[in-house]
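# I need the structure of the sequence given here:
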Amino acid sequence: MALVEVQVPDIGDFDEVTVIELMVKVGDTVKTEQSLITVESDKASMEIPSSTAGVVKELRVKLGDKVKQGSIVLVVEAAATAPAAPAQPAAAPAPAPAAAPVSVSNTAPAQQNIAGAAINSVAGIKEVKVPDIGDFKDVAVIELLVKVGDTVKVEQSLMTVESDKASMEIPSSHAGVVKELKVKLGDKVNIGDVIAMVEGAGAAAAAPASASAPTPVSSPAQLAISAPAAMAAASSSAAASAVAAPAHNPTIAPTGSLPHASPSVRKFARELGVPLGEVKGSGPKGRITEEDIQGFTKSVMSGAIKTLAAAAASPSGSDGGAALGLIPWPKVDFAKFGTVERKDMSRIKKISGANLHRNWVMIPHVTNHDDADITELEAFRVQMNKENEKAGIKITMLAFLIKACVAALKKFPDFNSSLDGDQLVLKQYFHIGFAADTPSGLVVPVIKDADKKGVLQISKEMGELAAKAREGKLSPADMQGACFTISSLGGIGGRYFTPIINAPEVAILGVCKSQMEPVWDGEKFAPRLMLPLSLSWDHRVIDGASAARFNAYLGQILGDFRRVML
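Numbers count the residues shown, from 1 in each chain. As a prediction, the model looks like this:
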């Protein structure tokens with residue numbers, strides 16, 4: 001084994017760039033070409049790769065440090081049989097194989113290579129083509145920054161393209177009015193492809209090929225580039241002229257500027273369906289990190305999240321209901337009737353309110369009400385609490401309900417599913433969410449693999465999760481992955497209610513306070529402890545007969561808990 005210093009490779013004429021993200025820590029095992037840190041100048045951000053595979057033994061940089069070519073990033077313990085790649089790869093003017101340096105433009109905007117633009121005439125319609133972007137091939141168009149009719153300047157960014165590890169903005173080679181866009185979101189483009197037709201009185205002189213040879217930098221697997229003023233625009237008003245892309249693209253900010261995040265973070269957001277434009281970055285200059293993406297998903301379920309920001313900003317329906325064809329929401333000056341006080345809603349309520357609104361509108365809810373006889377089960381619960389008093393574990397009826405619901409889900413698998421287009425996703429796991437009331441609002445922690453746990457273990461986990469919820473310390477992982485949810489009002493009161501389904505689940509069980517009632521046993525009325533059940537279900541997936549059977553079976557299990565073993 002040998003210790004190898006990994007240095008910042010040749011990154012062009014960027015000098016003293018700032019470390020804004022550490023992507024590994026001591027003890028991590030890294031591969032060759034794996035990104036280690038993200039650095040940023042005023043015009044570009046890039047990920048610095050490892051030249052050697054091995055185990056990270058020491059980090060030589062921290063957030064905020066300034067680095068340049070040759071600076072030592074970290075020390076890796078590498079196998080002796082795996083020689084390290086040169087710390088400073090030699091510059092090569094021509095593209096080389098995949099592992100060799102690749103030429104992309106990283107100089108100031110006025111120096112960038114736009115020789116690929118064809119000039120049809122001194123004045124008139126001109127084609128704007130994809131310039132030389134190195135050996136990137138079939139890169140996807142992820143953002144359109146202009147539209148037909150816009151007036152653009154030379155070097156103004158027209159669109160953003162992205163590979164798996166790099167993103168870059170394609171500039172205009174001509175000033176004028178955009179007459180036609182030749183690409184759309186999702187298209188794949190290559191060097192020389194026509195992307196727009198611009199009508200103008202003149203054109204920028206294309207630099208001679210020999211003079212515009214780009215500076216060699218790292219390979220596409222290593223470098224994440226945002227060309228002229230791309231990432232700086234995300235934290236200033238420089239991108240005010242950019243036009244917002246269609247709302248269905250989850251990586252586009254509603255302001256029209258590319259969210260301030262590295263390509264790896266934006267890819268992570270796309271995989272989770274998170275709209276980056278609605279995420280507040282906690283990194284330097286408002287940069288969005290992976291932790292920000294995870295935090296954003298805390299109370300956001302999968303579904304139509306593209307309208308989350310607007311819905312959260314106006315939960316009362318201040319958009320007038322126009323999207324649903326409704327009459328305008330009433331505008332009232334409440335102060336003229338008496339003294340009022342205005343208070344901002346908590347963040348949890350804003351987010352959950354938007355989700356509940358979406359779920360209620362989009363899911364055809366039906367609710368079945370029933371009662372379960374829990375007389376014997378309650379007696380058993382009280383007895384178990386006495387026996388486990390010294391252990392400090394308090395068993396609640398909700399813990400028994402979770403186990404009972406697991407048994408019902410196994411018998412009726414459609415209730416343990418989700419809709420995905422025209423397909424039904426039937427889950428083979430049993431993660432049960434339970435609604436927890438906190439000072440800031442309602443949250444839903446999740447008991448994972450409830451089918452593999454006993455009532456005692458479930459009770460212990462519920463207590464821990466409920467405590468974290470009250471303290472505001474639940475992590476996104478604590479609230480993800482549920483396939484069925486229970487909302488219990490047992491400690492408060494009430495009889496029945498209609499719980500709103502937690503998308504993308506297809507059912508939710510509401511439980512109210514149990515009451516002693518006279519129940520006819522065939523010979524006489526006897527006092528029995530009855531638990532009200534309210535089962536809401538998605539009528540697109542479940543029919544009334546299945547819902548009735550589910551509720552009846554659940555009641556049977558609660559009436560005789562030995563059935564969970566069958």
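# Just want the most central residue of this structure.
Nearest residue to the geometric centre of the chain (CA atoms, centre = their mean): Val274, 3.2 Å.
# Just to check, that one is in contact with Phe296?
Yes. The pair Val274 / Phe296 is scored as a contact, 5.8 Å apart, by CB atoms under 8 Å. Placement of C-beta: from N, CA and C, glycine included.
# Helix, strand, or coil at the residue nearest to the centre of the chain?
Look at Val274: counting by DSSP: H, G, I helix; E, B strand; the rest coil, its state is coil.
# quick one: average confidence on stretch 545-555?
In this model, stretch 545-555 has an average pLDDT of 96.
# An error on my part: the question was meant for stretch 5-25.
82.
# Can you give me the neighbour number for Pro527?
10 (other CB atoms under 10 Å).
# Now do the residue nearest to the centre of the chain, the pLDDT please.
Predicted confidence (pLDDT) for Val274: 78.
# got it, and Gly295?
pLDDT, read off for Gly295, is 81.
# Same question for Leu409.
Leu409 is given a pLDDT of 97.
# Now do whichever strand in the chain runs longest: which elements does it pack against?
For the chain, the strand that runs over the most residues, judged by DSSP state E, is strand 525-538. Here strand 525-538 touches strand 365-373, helix 375-387, strand 507-511, strand 515-520, helix 544-559, going by 3 or more CB pairs under 8 Å, 6 or more residues apart in numbering; DSSP states H and E.
# Can you tell me which helices and strands the third one packs against?
The contact analysis (3+ CB pairs under 8 Å, 6+ apart) places strand 507-511 against helix 397-411, strand 484-488, strand 525-538, helix 544-559.
# Not counting sequence-adjacent ones, nearest residue to Gly295?
Pro476 (6.4 Å; CB to CB, 6 or more residues apart in numbering).
# ugh, wrong one, Ala552
In space, Ala552 is closest to Asp370, 7.2 Å off (CB to CB, 6+ apart).
# Would you confirm that Ile486 contacts Ala507?
No. Ile486 lies out of contact with Ala507 (CB under 8 Å); the separation is 10.4 Å.
# More neighbours: those two, which one.
Per other CB under 10 Å, whichever of Ile486 and Ala507 has more neighbours is Ala507, with 29 against 21.
# Bridging across strands, which residues link to the more buried one?
Trp537 (DSSP bridges).
# That one: what's it in contact with?
Phe415, Phe484, Ile501, Leu535, Ser536, Trp537, Asp538, Ile542, Ala547, Phe550 (CB atoms under 8 Å, 6 or more residues apart in numbering).
# out of those, which is most surrounded?
Trp537 (27 neighbours).
# dump the residue contacts of that residue.
Counted by CB under 8 Å, 6+ apart, Trp537 has contacts His365, Val366, Thr367, Asn368, Phe415, Ile501, Val506, Ala507, Ala547, Phe550.
# rerun that using 7 Å as the cut-off
Contacts for Trp537 (CB atoms under 7 Å, 6 or more residues apart in numbering) come out as Val366, Val506, Ala507, Ala547.
# Report the separation between the closest residue in space to the first one that isn't next to it in sequence and Pro364.
The reference is to Val366. Leaving aside its chain neighbours, Val366 sits nearest to His539 (5.2 Å; criterion: CB to CB, 6+ apart). Separation of His539 from Pro364 (CB to CB, to the nearest Å) stands at 4 Å.
# Tell me which of these two has more neighbours.
His539 (13 against 10).
# Could you check how far that one is from Leu509?
Applying CB to CB to His539 and Leu509 gives a distance of 16 Å.
# can I have the longest strand of the chain written out in CSV, keeping just the CAs?
Output of strand 525-538 as CSV, limited to C-alpha atoms (Å, rounded to 0.1, in the frame of the first residue of the first chain):
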residue,chain,number,x,y,z
PHE,A,525,-76.7,-6.2,26.0
ALA,A,526,-73.2,-6.2,27.4
PRO,A,527,-70.7,-3.3,28.0
ARG,A,528,-68.0,-3.5,25.3
LEU,A,529,-65.1,-1.1,24.5
MET,A,530,-65.7,0.0,20.9
LEU,A,531,-63.0,1.7,18.7
PRO,A,532,-64.3,3.9,15.8
LEU,A,533,-62.5,3.3,12.6
SER,A,534,-62.5,5.6,9.5
LEU,A,535,-60.9,4.1,6.4
SER,A,536,-60.3,6.5,3.5
TRP,A,537,-59.4,4.9,0.2
ASP,A,538,-58.6,5.8,-3.4
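# Can I get the host helix or strand of Ala466 in CSV? Just the C-alpha atoms.
According to DSSP states H and E, Ala466 maps onto helix 455-470. Only the C-alpha atoms of helix 455-470 are listed here, as CSV (Å, rounded to 0.1, in the frame of the first residue of the first chain):
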residue,chain,number,x,y,z
VAL,A,455,-45.5,-4.8,19.5
LEU,A,456,-42.9,-4.0,22.1
GLN,A,457,-40.3,-3.0,19.5
ILE,A,458,-42.9,-0.9,17.6
SER,A,459,-43.9,0.8,20.8
LYS,A,460,-40.3,1.7,21.6
GLU,A,461,-39.6,3.1,18.1
MET,A,462,-42.9,5.0,18.1
GLY,A,463,-41.8,6.7,21.4
GLU,A,464,-38.4,7.6,20.0
LEU,A,465,-39.9,9.0,16.8
ALA,A,466,-42.6,10.9,18.6
ALA,A,467,-40.0,12.5,20.8
LYS,A,468,-37.9,13.5,17.8
ALA,A,469,-41.0,15.0,16.2
ARG,A,470,-41.8,17.2,19.2
